[in-house]
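Undergrad: Just the structure for this:
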Amino acid sequence: MQTATDKSPNPIDTESQNTSSVWGQLFQNFRTGKEYRHAFVEEKVRTSIAAQIKAIREHQRMKQPDFAEKLHKSQSWVSRLEDPNQAAPTIPSLLQVAEAFDVDLEVRFDRFSELLDRMDQMAEGSLQVPNFKEELPDLERKFADKEQQNRRLAPMPPQGTKQRSNLVFVEFRGSREDLAGFGPICAQYDLGRAQLVAGGGGR
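TA: Residues are numbered from 1 along each chain as shown. Below you'll find the predicted structure:
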């Protein structure tokens, strides 16, 4: 008799399947019951973590002994991390691995629809993650783009602002109570001089 775990496809081994049918096949299997769905989740976690650790280690051109030394662990410990038949590593262990790789670690719950989409789009290179140093040029470009965008979206000076010889003169009218908060506004917009007229009759 086939159990839910036996029936569960290997989440990483999709090369022999038609890519366009992965979503549909998994969806039909998920409909068979909760037992199957969560057996799949358990196998997916073990398999994907082990495969990704191995893929990132190889991408960073580290052999198992080198990676073990970096983690201050034994090679057998690293070997177990990369073995999908072993229990999934704990979050503290994953945090150590993320620090050694200098990559982010995300642990979260998600919808099955998101899982189906990820499995349907999985490709060989999707397991590799660049470290911070490799990402830095792109991050710096994004930072510069965001800074430029923020400057374009910066608030304009209040209506009524007039500029003369690089000095800004603004006249605010209202009661003294109403005008109490305009001091910070003048500072925010680097106003050269602000004339506050209380009660419409001056000060």
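
Undergrad: Beyond the worst-scoring helix or strand of the chain on mean pLDDT, next helix or strand please.
TA: Using mean pLDDT, DSSP states H and E, the weakest-scoring helix or strand in the chain turns out to be helix 4-7, at a mean of 45. Counting by DSSP states H and E, the next helix or strand C-terminal to helix 4-7 is helix 22-30.

Undergrad: same for the helix or strand following that next one, what does it pack against?
TA: Using DSSP H and E, the helix or strand that follows helix 22-30 in sequence is helix 34-59. Packing partners of helix 34-59 (3 or more C-beta pairs under 8 Å, 6 or more residues apart in numbering; DSSP states H and E): helix 4-7, helix 22-30, helix 75-81, helix 91-101, helix 112-121. (C-beta placed from N, C-alpha, C; glycine too.)

Undergrad: give me the number of residues near residue 50?
TA: 20 (other C-beta atoms under 10 Å).

Undergrad: check contacts around the closest residue in space to it that isn't next to it in sequence.
TA: Among residues not flanking residue 50 along the chain, residue 84 sits closest, at 4.3 Å (C-beta to C-beta, 6 or more residues apart in numbering). Contacts for residue 84 (C-beta atoms under 8 Å, 6 or more residues apart in numbering) come out as 12, 46, 47, 50, 51.

Undergrad: want to throw these into TSV with pLDDT?
TA: Formatted as TSV, those follow (pLDDT from 0 to 100):
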residue	pLDDT
12	46
46	93
47	93
50	95
51	94
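
Undergrad: what residue ranges in the chain score low on pLDDT?
TA: Low-confidence segments of the chain, defined by pLDDT under 70: 1-20, 123-125, 156-203.

Undergrad: cutoff 80 now
TA: Regions of the chain meeting the criterion pLDDT under 80 cover residues 1-21, 120-127, 154-203.

Undergrad: Domain-wise, how is it divided?
TA: Domains of the chain are assigned by automatic domain parsing as 4-133, 151-203.

Undergrad: got the contact list for residue 132?
TA: By C-beta under 8 Å, 6+ apart, residue 132 lies in contact with 102, 103, 139.

Undergrad: Any of these buried? List them.
TA: Buried members of the contacts of residue 132, counted by 16 or more other C-beta atoms under 10 Å: residue 103.

Undergrad: so can I have CSV of the contacts of residue 132 showing distance to residue 73?
TA: Listed next are those as CSV, based on distance: C-beta to C-beta, whole Å:
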residue, distance to residue 73
102, 17
103, 18
139, 30
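
Undergrad: Among the contacts of residue 132, which one sits closest to residue 121?
TA: Nearest to residue 121 out of the contacts of residue 132 is residue 103 (C-beta to C-beta; 20.1 Å).
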